[in-house]
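Student: kindly generate the corresponding structure for this input.
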Amino acid sequence: MKVKCFLIVLFAMAINVSAQEITTFTGIWGMEYYQDDKEITKKEVKELFSNNDGIYSDWKKADTKKSIATIALVGEIVGVTWGSVELFNNDPFVSDRDKARKAIGPLLGGIGSGIIAIIFLNGSNKARKQAILAYNKQFDDKTAFKLRPVANENGLGIALRW
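Tutor: Numbers count the residues shown, from 1 in each chain. Model (predicted):
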């Protein structure tokens, strides 16, 4: 009986209960969030993070950077479209040199906006990962039980406490 109890306690020590951790996967329309194998929405993730100020501030930074990246992407589309219209203008009275001069500014602006968008999207993804890792880290050393050494008149032992 003692051997069986010892094996059960040993097996229980090997199990690390880490419930509530969040994992992410890249989906077709963006990131997909899972909590204990159950898909949750971005809004639910935000609610989970709102309990911890440090994690929530990282999440808000990610949202801000994504907003800036979205604005930069719109700027890229506008700049490249405008530059392409100027470059491929069919007006016979405008020389190719003038078309290129009119197109260079918007095209450079579009390319610059694209670079800015990439930088801020990368920063947004890093901030999101940092928030999720910080959230998951709080569950690293927590288990549903604890083993405590016990000493009494009968001798030394280990007590399993919930």
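Student: name the helix or strand of the protein that has the lowest mean pLDDT.
Tutor: helix 2-14 (a mean of 58; mean pLDDT, DSSP states H and E).
Student: doesn't residue 59 fall inside a helix?
Tutor: Yes. Under DSSP: H, G, I helix; E, B strand; the rest coil, residue 59 sits within a helix.
Student: do I have it right that it meets residue 127?
Tutor: Yes. Using CB atoms under 8 Å, residue 59 is in contact with residue 127, at 7.4 Å. For every residue, glycine as well, the C-beta is placed using N, CA and C.
Student: neighbour-wise, which of those two wins?
Tutor: residue 59 (24 against 20; other CB atoms under 10 Å).
Student: residue 22 versus that one, what's the distance?
Tutor: Between residue 59 and residue 22 the distance is 11 Å, computed by CB to CB, to the nearest Å.
Student: also residue 110?
Tutor: 36 Å.
Student: same thing with residue 84?
Tutor: Taking CB to CB, one finds residue 84 at 42 Å from residue 22.
Student: tell me which of those two has more neighbours.
Tutor: residue 22 (19 against 14).
Student: the more buried one and residue 133 touch, don't they?
Tutor: No. Contact criterion CB under 8 Å: residue 22 and residue 133 do not qualify, at 9.5 Å.
Student: can you list residues touching both of these two?
Tutor: Common contacts of residue 22 and residue 133 (CB atoms under 8 Å, 6 or more residues apart in numbering): none found.
Student: picking that back up, list the residues that contact both of residue 59 and residue 22?
Tutor: With CB under 8 Å, 6+ apart as the test, residue 59 and residue 22 both reach residue 45.
Student: and the helices in this protein, which stretches?
Tutor: 2-14, 42-49, 53-87, 96-137 (DSSP state H).
Student: what is the mean pLDDT for stretch 117-131?
Tutor: For stretch 117-131, mean pLDDT is 94.
Student: residues in contact with it?
Tutor: Contacts of stretch 117-131 (CB under 8 Å, 6+ apart): 24, 31, 49, 55-56, 58-59, 61-63, 65-66, 68-70, 72-73, 75-76.
Student: repeat the analysis, applying 6 Å as the threshold.
Tutor: Residues outside stretch 117-131 that contact it (CB atoms under 6 Å, 6 or more residues apart in numbering): 55, 58, 59, 61, 62, 65, 66, 68, 69, 72, 73.
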